[in-house]
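In: Give me coordinates for this.
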Amino acid sequence: MNWTRTRRGTIAAALALGAAACSGDNVQTVTNDQGDPVADKDTTPPVIEHDPITESQPYRQDVALSATVTDDDSGVFIVQVVYKRVDSTVWSDAALSLVDEASGLYEGVIPGSDVQSSGMDYYIYAVDKSENEATDPEDGAQDPYHFRIDGDVDTGP
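Out: So this is what the prediction gives:
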């Protein structure tokens with residue numbers, strides 16, 4: 001299967017997956033038009049563990065964060081932090097990098113150039129190699145994490 005996916009115009013990925021890429025108990029059998037089995041497909045999204053940012057963060061400084069993301073079936077493909085200023089409706093994202101393969105620890109930052117206003121909303125977004133998506137918190141943009149910003153506050157657009 002070839003997969004090309006664009007989310008908010010920021011993620012473009014192409015994967016070539018075969019049946020060997022999926023293993024474990026959380027799979028479903030995929031059939032062709034004649035009903036013949038083609039491959040087993042992973043149907044379980046990645047698992048995200050993240051300790052939310054609870055402390056106020058300094059104005060215009062990078063905000064470091066981490067998350068442990070695992071997927072026992074097809075494997076993790078991409079992990080991002082998706083964020084916005086509280087006075088905006090526009091979401092941005094930044095990639096989190098795998099720093100410990102054994103544990104699935106990913107780290108990254110919300111760039112300081114975006115850390116302005118009185119606070120930020122954010123969530124962690126992950127996709128596995130079988131296109132299953134997960135967010136933390138579970139409702140993502142509908143109920144994101146939030147932190148305050150201290151210091152000079154930009155009140156303009």
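
In: helix, strand or coil for the spatially most central residue of the chain?
Out: Residue closest to the mean C-alpha point of the chain, counted by C-alpha atoms, centre = their mean, is Tyr125 at 1.7 Å. Tyr125 falls in the strand class when you classify it by DSSP: H, G, I helix; E, B strand; the rest coil.

In: quick one: contacts for it?
Out: Tyr125 is in contact with Arg7, Val79, Gln80, Val81, Val82, Asp93, Glu133, Ala134, Thr135, Gly140, counting by C-beta atoms under 8 Å, 6 or more residues apart in numbering. Every C-beta, even on glycine, is put in place using the N, C-alpha and C of the backbone.

In: Recalculate using a threshold of 6 Å.
Out: Taking C-beta atoms under 6 Å, 6 or more residues apart in numbering, we find Tyr125 in contact with Gln80, Val82, Thr135.

In: Equivalent analysis for Tyr123, please.
Out: Val82, Thr135, Gly140, Pro144.

In: Give me the distance from the helix or strand where the second one lies to the chain's centre.
Out: Of the helices and strands defined by DSSP states H and E, Thr135 is found in strand 133-136. Per C-alpha atoms, centre = their mean, to the nearest Å, the displacement of strand 133-136 from the mean C-alpha position of its chain is 6 Å.
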